[in-house]
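Colleague: Okay, sequence plus prediction incoming.
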Amino acid sequence: MQEIELEFENSAKFAAKMDAADPLARFRERFFMPHQPNGEEVIYFTGNSLGLQPKTTREYVDQELKDWETLAVEGHLHAKHPWLRYHEFLTEQMARVVGAKPVETVVMNSLTVNLHLLMVSFYRPTSERYKIVIEKGAFPSDQYAVESQILFHCDAETPRRGDAVKKRLIELTPREGDSTLRTEDIVEAIEREGDSIALVLLGGVNYYTGQAFDMQAITEAGHKAEAVVGFDLAHAAGNLELHLHDWNVDFAAWCSYKYLNAGPGGVAGAFIHERHANAVDLPRFAGWWGHDKKTRFLMGPKFRPIPGAEGWQISNPPILQMAALRASLEIFDEAGMTALRAKSEKLTSYLEFLLSEIDDDRISVITPSDRTQRGCQLSIRVKDSDRSLHDRIVAGGVSADWREPDVIRVAPVPLYNSFSDVLQFVEILKRSLKV
Ligand SMILES: Cc1ncc(COP(=O)(O)O)c(C=O)c1O
């Protein structure tokens, strides 16, 4: 990893100097920034929840509305970007964002739906190997999805279904006194439970702590135990540099409304490693959009999946949502994940530096200080605080979020946030702490 050798300074002049030297600063202009009631721009640090709207989104969506208006059903074949193959226009760019081959990548559905579809294929419990490894405190949707998959495989007659989940779920917990998991402990748990593990399913970045996991080491450990390894990349896609193919990950799913700026409810992504591309015998929930493209419209009764990730599609896709995602992915392609990540490390390290200068021992950062173990988000714990602290920060002009009982999550996003944003945020936080 490239070392950051910067000497940071706590001054507006220094932040302005960093912004002037930032090769990605021009991308801020490509997004609509929300405004406060007083007309000033919001300091937007919630791109980890909903990314900003690219200024090109409207044009991309309008193009599809126009084609629908003028071509109606003919748009499937004759729209500027024919709807029949619309998802294909996104594949290569999305593959680059997550370090995958196009054959391994598809844009479809939403995140939890994709997790379910992938578990249908890749969680195949047997009487000896049936456990799933997750993080304790995983995003609730993942927890619900995993538990319901476990129950789905239980006999309907299984008594005490709660006990069935307990027996089959391994929840990784940080050591006493730690806020985050240690890679060696994750690996050790996988080794210990080895023969009984069917699936390891972790987040790439934990939504609460902001901890990024060593996906390569976890995948290796999972495979050594002969388990399948998948990741929920909701907080990692567009945030970290990912190499899903090279890391040998079996499958992954992510949403596009956070760092990928595709708008509320944006269409999600899925990755299935090339080695499963022709695994036509894997169980899957099939639909006509996953059927061989050459014969799909012959409307035959036998399902023949498209090789690769596309074969997991079920329905014809939401074109308007995909148009919005195209607008954003073009920006990602222009900026490049390597450059984005290089800026992100500096930006978040600057935030960490300024927080360390606050003379208030109620404050701690629960996100790891090791830059390889985090993305752009820092989760700031403020002891004995309550939601009113967050409300004061918001009133000061910041968009940040509050997680019970005492955590403020802030995500300076390298595509549209600046070093001056970071400095201003910390000034507002300091003022808000004094009340
Ligand atoms: C880590 C994680 N998993 C799952 C979800 C649920 O996503 P969806 O509602 O798109 O299924 C989210 C949503 O924020 C998330 O952050």
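Modeller: Great, that's in hand. Residues are numbered from 1 along each chain as shown.
Colleague: need the strands for the stretch 101-250 of the chain, in chain order.
Modeller: Per DSSP state E, counting those that start in this stretch, the stretch 101-250 of the chain has strands spanning 105-107, 131-135, 169-172, 197-203, 228-232. These are given in chain order.
Colleague: Go through these and pick out the most buried.
Modeller: For these, the stretch with the most neighbours on average is strand 105-107, a mean of 29; neighbours defined as mean count of other CB atoms under 10 Å. Every C-beta, even on glycine, is put in place using the N, C-alpha and C of the backbone.
Colleague: what does that strand rub up against?
Modeller: Strand 105-107 is touched from outside by 87, 90-91, 94-95, 98, 256, 267-272, 308-310, 312-313, 317, 322, 325, with contacts defined as CB atoms under 8 Å, 6 or more residues apart in numbering.
Colleague: coming back round to it: will you turn the strands of the stretch 101-250 of the chain into JSON lines that also has mean pLDDT and distance to the ligand?
Modeller: JSON lines is the format used below for the strands of the stretch 101-250 of the chain (pLDDT from 0 to 100; distance: least, CB to the nearest ligand atom, whole Å):
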{"stretch": "strand 105-107", "mean pLDDT": "98", "distance to the ligand": "13"}
{"stretch": "strand 131-135", "mean pLDDT": "97", "distance to the ligand": "10"}
{"stretch": "strand 169-172", "mean pLDDT": "96", "distance to the ligand": "15"}
{"stretch": "strand 197-203", "mean pLDDT": "98", "distance to the ligand": "5"}
{"stretch": "strand 228-232", "mean pLDDT": "98", "distance to the ligand": "5"}
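Colleague: Out of the contacts of strand 105-107, which sit inside helices?
Modeller: L90, T91, M94, A95, V98, M322, L325 (DSSP state H).
Colleague: For the closest residue in space to the fifth one that isn't next to it in sequence, which residues are in contact?
Modeller: Which is V98. Leaving out its chain neighbours, the residue that sits closest to V98 by CB to CB, 6 or more residues apart in numbering is L242, at 4.7 Å. Counting by CB under 8 Å, 6+ apart, L242 touches V97, V98, G99, G204, M215, L233, A236, M337.
Colleague: Dump those residues into a markdown table; add neighbour count, pLDDT and distance to the ligand as well.
Modeller: Compiled in a markdown table, the contacts of L242 are given as follows (neighbours: other CB atoms under 10 Å; pLDDT from 0 to 100; distance: CB to the nearest ligand atom, whole Å):
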| residue | neighbour count | pLDDT | distance to the ligand |
| --- | --- | --- | --- |
| V97 | 26 | 98 | 17 |
| V98 | 27 | 98 | 15 |
| G99 | 19 | 98 | 19 |
| G204 | 25 | 97 | 9 |
| M215 | 24 | 98 | 14 |
| L233 | 30 | 98 | 8 |
| A236 | 25 | 98 | 9 |
| M337 | 21 | 97 | 19 |
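Colleague: Of these, just say which sits nearest to E191.
Modeller: Nearest to E191 among the contacts of L242, counting by CB to CB, is M215 at 17.2 Å.
Colleague: ok, and the closest non-adjacent residue to that closest one?
Modeller: With CB to CB, 6+ apart as the measure, W247 is the residue that lies nearest to M215, at 5.5 Å, once sequence neighbours are left out.
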